[in-house]
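Asker: Sequence first, predicted model second:
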Amino acid sequence: MTCSLIITTYNWEEALQQVLLSCTTQTLLPDEIIIADDGSSEKTKKVIEKFAHENPTLHIIHSWQEDLGFRASMSRNRAIAKANGEYIILIDGDICLHQNFIQDHLSFAQKGFFTQGTRVLVEKHMTQKIFQAKKLALNFFSQGIKNRKNTLHSKFLSSLFSTHKNHLKGIKTCNLAFFKEDCLAINGFNEDFVGWGREDSEFALRLLHSGIKRHDIRFNAIAYHLYHKENTRASLPQNDAILKNTIEQKLVWCNNGIDKYIKRSHNES
């Protein structure tokens with residue numbers, strides 16, 4: 001099964017470099033890495049080009065869109081449309097990966113399911129240490145982390161605590177995976193979401209409405225979330241309203257989704 005790793009980013013080159021470095025240590029490399037760039041400057045482009053040149057075994061694609069504010073749904077849709085992988089793994093540009101991250105996700109990939117992973121929260125001073133050392137070396141006993149139980153990598157614990165869920169609590173696109181065909185069947189992310197919040201929950205909800213079940217991964221597919229200031233919540237009221245409508249109408253399809261890029265891609269080919 002082919003796999004595309006999609007990394008969202010916006011003008012934080014230092015974190016993106018660290019995330020990309022963690023990709024190079026994977027026990028199983030993704031078939032391609034797509035940077036879903038929500039309008040970063042030329043500086044980010046140069047970082048990506050330099051990394052791609054230094055790591056020719058990794059197939060890097062830079063998917064960029066104009067900077068018109070926080071438009072994560074659109075950025076992800078554009079990247080997913082470009083993806084050649086059957087299986088899509090989404091992370092954010094501040095998520096460093098455990099060396100088994102890709103291999104773990106693929107081991108959980110199962111038709112009829114999408115998977116939600118957890119994260120270790122890295123505190124501010126530890127994030128700065130990681131940037132200075134250009135190396136990620138965290139474990140259960142490390143200082144400067146939260147949710148430290150999520151550092152444990154164990155097949156045994158994973159078999160006990162990785163379970164099916166049918167609700168939205170804990171849905172986060174910083175560690176989420178699904179089959180591309182399932183994403184296309186619901187028209188991808190809803191681009192009516194502008195500004196931070198709820199686009200991930202609404203996407204997962206339409207997957208659930210379409211019959212795709214949720215499988216939560218525990219003690220595998222470990223991700224380390226680098227510290228940053230929280231995004232503004234100014235768009236939450238309008239985004240909550242979109243989510244509420246999807247809940248009440250039991251929607252599967254969104255009208256403002258990924259299909260426009262798929263059609264364009266077909267026309268270009």
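Answerer: Alright, I've got the coordinates.
Asker: what's the average pLDDT for stretch 145-154?
Answerer: The predicted model gives stretch 145-154 an average pLDDT of 95.
Asker: Pull the residues that contact it.
Answerer: The list of residues contacting stretch 145-154 from outside it, by Cβ atoms under 8 Å, 6 or more residues apart in numbering, reads 98, 100, 118-123, 126, 138-140, 142, 219-220, 222, 224. Placement of C-beta: from N, CA and C, glycine included.
Asker: Keep only those of these that are in strands.
Answerer: Val120, Leu121, Val122, Tyr224 (DSSP state E).
Asker: Bridge partners for the first one, pull those for me.
Answerer: Residues in a beta bridge with Val120, per DSSP bridges, are Tyr224.
Asker: tally of neighbours for it?
Answerer: 23 (other Cβ atoms under 10 Å).
Asker: Isn't it up against His225?
Answerer: Yes. In this structure Val120 lies within contact range of His225 using Cβ atoms under 8 Å: 6.6 Å.
Asker: Out of the contacts of stretch 145-154, which end up buried?
Answerer: For the contacts of stretch 145-154, a burial check counting by 16 or more other Cβ atoms under 10 Å picks out 98, 100, 118-122, 126, 138, 219-220, 222, 224.
Asker: Just give the number of residues close to Gly69.
Answerer: Applying other Cβ under 10 Å, I find that Gly69 has 10 neighbouring residues.
Asker: helix/strand/coil for it?
Answerer: Using DSSP: H, G, I helix; E, B strand; the rest coil as the criterion, the local structure at Gly69 reads coil.
Asker: ok, which pair from the ones in strands among the contacts of stretch 145-154 is furthest apart?
Answerer: The largest separation in the ones in strands among the contacts of stretch 145-154, counting by Cβ to Cβ, is between Leu121 and Tyr224 at 8.3 Å.
Asker: Can you show me the strands along the stretch 151-269 of the chain?
Answerer: In chain order, the stretch 151-269 of the chain shows strands spanning 163-165, 175-179, 213-216, 223-225, with DSSP state E, counting those that start in this stretch as the criterion.
Asker: ok now the second one, how far from the chain's centre?
Answerer: Just to be clear, that refers to strand 175-179. Mean C-alpha position of strand 175-179 versus that of the full chain (Cα atoms, centre = their mean, to the nearest Å) differs by 7 Å.
Asker: Same question for the first one.
Answerer: Centroid separation for strand 163-165 versus its chain: 19 Å, with Cα atoms, centre = their mean.
Asker: Please apply the same query to the third one.
Answerer: For strand 213-216, the separation from the chain centroid amounts to 16 Å (computed by Cα atoms, centre = their mean).
Asker: helices and strands around that strand, which ones?
Answerer: Using 3 or more Cβ pairs under 8 Å, 6 or more residues apart in numbering; DSSP states H and E as the contact test, the elements touching strand 213-216 are strand 113-116, strand 163-165, helix 199-209.
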